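Q: Here you go, sequence then predicted model.
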Amino acid sequence: MSITSFYFLCLFALALVLYYVIPKKAQWAFLLLLSLGYFMTSDTVVQSGGWYVVFYLLAAVAAVWGAAIYIDRTAEPKKKRGVLVCAVLFCLGLLCVLRFFKLPLLAPLGISFYTLTLLGYLFDVYYEIGKVQKNYFRLLLFGSYFPVMISGPILKYQEMENRLYAPHKLDYRQVTFGMQRMLWGFFKVLVISERAAVIANEIFDNYDSYAGLPIWVGAVAFTFQLYTNFSGCMDIVLGISQCFGIELPENFRAPFLSRSISEYWRRWHITLGTWLREYLFYPLLRTKFFMQLPKTLKPKLGKKRAKQATTFLAMFLLWFAIGYWHGGTWNFIIGSGLLHWFYIVSGELLEPFFAKWKRSWHISEENRLFVFFQRLRTFALVTLGLVFFRSPTVPDAVRMIGRGFSAANFRILWDGSLFSYGLDWIEFTILAVSLLLFGWVSVRQQKGWLREKLEKKPLVLRWAVLYALLFYVILLGQYGPEYSAAEFIYQNFRA
């Protein structure tokens, strides 16, 4: 059941009514039943009949639940460490077997997200920075809370404990704000992402037929497709949860306004980056090998370079893990992992040169033209990585990039070729206008959520804006390959 489907919206509406009707003490139990029900009715389960996948989830939660209780009750460090290692290997083993090793087993919905969520909880208990949850079913809700099963965010138990299990009163402002956030998510997914996907699919699936600028048009289209789909689904997820009175952590913060790749990754998939820093990168640097490595390298590299090389090596392992998590094959490992490691490391190594260059040219860091250049550079580097991410294999990505530099056919910008990549001029115009609206809102929201600002406007203006966006989504949203509301509206105006 897709998060953007009519059936999901019906389920959500019914669940929201029941959630505030039942006794407040039972709300968390209702959410658990709802989460398990959604888990069992996901598309992969329904289409394959693989009802057994629920046992993977139950087993992972049971392993973490039991391990956390044992660690909390045991004073012996070796036993704690042994139980921790066993639970981690069990959960990661399930993840790798079901998602990455391509065995003939059905991978459960959201396995990557709930695995990292559960392991984060277990690490917090082990390091004594989080409380242990002795109620198995409450921990099961934490691991399977249905909105985040779709696309995250990755949760931290100490942040969510009071939010998930506490009773919630009906709050008109929270519900309306949540629905507004959902509407914005639907706009990004149905109006922008679905249209951008048409261009991206055409170029990537037939890249041998294109050369020069069309290749980059397809790459940029995929960049916007991916971001608006991922962040749009996140808006829907956060909006749903806000309607239930439960605040989830933000996962995106206008990443394409970043001035560097490092800043980009502080704005993109924020909870994944936080998880990997806290539970992989920093513990890695505290291992005996990495603690001793600077001393080993110091005679050859010097103190400063030795520390830097040690950090770069740990970063290499971190970015390899990020790439592997995204897909497990080399196109993902390079496109969303090692290539970004290269960007960051080369940026740090060349920083003295760039600083000297800026001083010699008297370039201010806050110069608007320079800021625009930095953001455009970041966008270009990310887009280049996403060519690997979207391509079937690394050789395909290399060939596609090569074809992108094989011609300088800028004439496609005015000769009508842009309308031959799957979208006619009307659809292309809708996409362009929607991207401009999306970009304007993204920039304005850096100074605070527009919902709060809109709330202070006159009632008539408020509802006019919301209804305009609602009908924009209803009429211009793409709802699948066989139906388009826009097609129905303007079919009589075609030549």
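A: Good, I have the coordinates. These numbers were taken from a predicted model, which means no experiment stands behind them.
Q: you'd agree residue 74 is up against residue 80?
A: Yes: assessed by Cβ atoms under 8 Å, residue 74 is found in contact with residue 80 at 5.5 Å. In short, each C-beta sits where N, CA and C put it, glycine included.
Q: Pick out whichever of these two has more residues nearby.
A: A direct count of neighbours by other Cβ atoms under 10 Å for residue 74 and residue 80 places residue 80 higher, at 18 against 13.
Q: And the residue lying closest to that one once chain neighbours are set aside, how far from residue 64?
A: In space, and not counting its chain neighbours, residue 80 is closest to residue 71: 4.8 Å by Cβ to Cβ, 6 or more residues apart in numbering. Counting by Cβ to Cβ, to the nearest Å, the gap from residue 71 to residue 64 is 10 Å.
Q: any common contacting residues for the two?
A: Common contacts of residue 71 and residue 64, defined by Cβ atoms under 8 Å, 6 or more residues apart in numbering, comprise residue 122.
Q: Pick out whichever of the two has more residues nearby.
A: Neighbour comparison, residue 71 and residue 64: the larger count goes to residue 64, with 27 against 21 (by other Cβ under 10 Å).
Q: shaky segments in this structure?
A: 1, 43-50, 100-105, 449, 479-495 (pLDDT under 70).
Q: From what I see, residue 446 and residue 254 are in contact.
A: Yes: the criterion here is Cβ under 8 Å, and residue 446 meets it with residue 254 at 6.2 Å.
Q: neighbour-wise, which of the two wins?
A: Between residue 446 and residue 254, counting by other Cβ under 10 Å, residue 254 is the more crowded of the two (15 against 9).
Q: residue contacts, the nearest residue to that one once chain neighbours are set aside?
A: Using Cβ to Cβ, 6+ apart and skipping the chain neighbours, the partner closest in space to residue 254 is residue 442 (4.7 Å). Counting by Cβ under 8 Å, 6+ apart, residue 442 makes contact with 254, 256-257.
Q: Equivalent analysis for residue 181, please.
A: Residues near residue 181 by Cβ under 8 Å, 6+ apart: 235-236, 238-239, 242, 451.
Q: from the residues you listed, which two are the most distant?
A: 236 and 451 (14.8 Å; Cβ to Cβ).
Q: More neighbours: those two, which one.
A: Neighbour count, other Cβ under 10 Å: between residue 236 and residue 451, residue 236 has more, with 27 against 17.
Q: Tell me if I'm right that that one and residue 8 touch.
A: No: using Cβ under 8 Å, residue 236 makes no contact with residue 8, being 9.2 Å away.
Q: what about residue 129, neighbour count?
A: Applying other Cβ under 10 Å, I find that residue 129 has 10 neighbouring residues.
Q: quick one, what contacts the nearest residue to it once chain neighbours are set aside?
A: Spatial nearest neighbour of residue 129, chain neighbours left out: residue 158 (7.6 Å); criterion: Cβ to Cβ, 6+ apart. Applying Cβ under 8 Å, 6+ apart to residue 158 gives the contacts 124, 129-131.
Q: What's the first helix or strand after whichever strand or helix holds residue 158?
A: Secondary structure from DSSP states H and E places residue 158 in helix 157-165. Sequence-wise, the next helix or strand beyond helix 157-165 is helix 172-186, with elements assigned using DSSP H and E.
Q: in that next one, what counts as buried?
A: Residues of helix 172-186 classed as buried: 174-186 (neighbour count, 16 or more other Cβ atoms under 10 Å).
Q: swap in stretch 376-394?
A: Buried, per 16+ other Cβ under 10 Å, within stretch 376-394: 378-379, 381-391, 394.
Q: From those residues, which land in helices?
A: Judged by DSSP state H, the buried residues of stretch 376-394 include 378-379, 381-390, 394 as members of helices.
Q: quick check, nearest of the residues you listed to residue 306?
A: Of all these, residue 381 has the smallest distance to residue 306: 28.2 Å, by Cβ to Cβ.
Q: Surely that closest one touches residue 343?
A: Yes: Residue 381 is within contact range of residue 343, at 5.7 Å (criterion: Cβ under 8 Å).
Q: what sits in contact with each of those two?
A: Applying Cβ under 8 Å, 6+ apart, one finds that residue 381 and residue 343 are jointly contacted by residue 261.
Q: picking that back up, mind putting the contacts of residue 158 in JSON lines, secondary structure and distance to residue 291 included?
A: What follows is the contacts of residue 158, written out as JSON lines (DSSP: H, G, I helix; E, B strand; the rest coil; distance: Cβ to Cβ, whole Å):
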{"residue": "124", "secondary structure": "helix", "distance to residue 291": "23"}
{"residue": "129", "secondary structure": "coil", "distance to residue 291": "21"}
{"residue": "130", "secondary structure": "coil", "distance to residue 291": "25"}
{"residue": "131", "secondary structure": "coil", "distance to residue 291": "30"}
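Q: Mind listing residues that contact stretch 121-131?
A: Residues contacting stretch 121-131 (Cβ under 8 Å, 6+ apart): 64, 67-68, 71-72, 80, 84, 87-88, 132-133, 139, 142, 156-158, 161, 278-279.
Q: Make a ChimeraX selection of whichever of the residues you listed turn out to be buried.
A: Only the buried entries of the contacts of stretch 121-131 go into this ChimeraX selection, using 16+ other Cβ under 10 Å:
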select :64,67,68,71,80,84,87,88,132,133,139,142,156,157,161,278,279
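Q: Cross the contacts of stretch 121-131 against helices and list the overlap.
A: Those of those lying in helices (DSSP H): 64, 67-68, 71-72, 80, 84, 87-88, 139, 142, 157-158, 161.
Q: ok, of the residues you listed, which one's closest to residue 367?
A: Among the ones in helices among the contacts of stretch 121-131, residue 158 lies closest to residue 367 (Cβ to Cβ), at 42.0 Å.
Q: Quick check: the gap between that closest one and residue 110.
A: Here the criterion is Cβ to Cβ. By it, residue 158 lies 21 Å from residue 110.
Q: Equivalent analysis for residue 117, please.
A: 9 Å.
Q: and these two? which has more neighbours close in?
A: Between residue 117 and residue 110, counted using other Cβ under 10 Å, residue 117 has the larger neighbour count: 26 against 22.
Q: these two touch, right, the more buried one and residue 153?
A: No: in this structure, residue 117 is not within contact of residue 153 by Cβ under 8 Å, at 9.1 Å.
Q: Now do the domain split for this protein, please.
A: Annotated domains of the chain cover 21-167, 172-248+391-495, 262-376 [automatic domain parsing].
Q: got JSON lines for these, with distance to residue 3 too?
A: What follows is the domains of the chain, written out as JSON lines (distance: least, Cβ to Cβ, whole Å):
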{"stretch": "domain 21-167", "distance to residue 3": "5"}
{"stretch": "domain 172-248+391-495", "distance to residue 3": "6"}
{"stretch": "domain 262-376", "distance to residue 3": "17"}
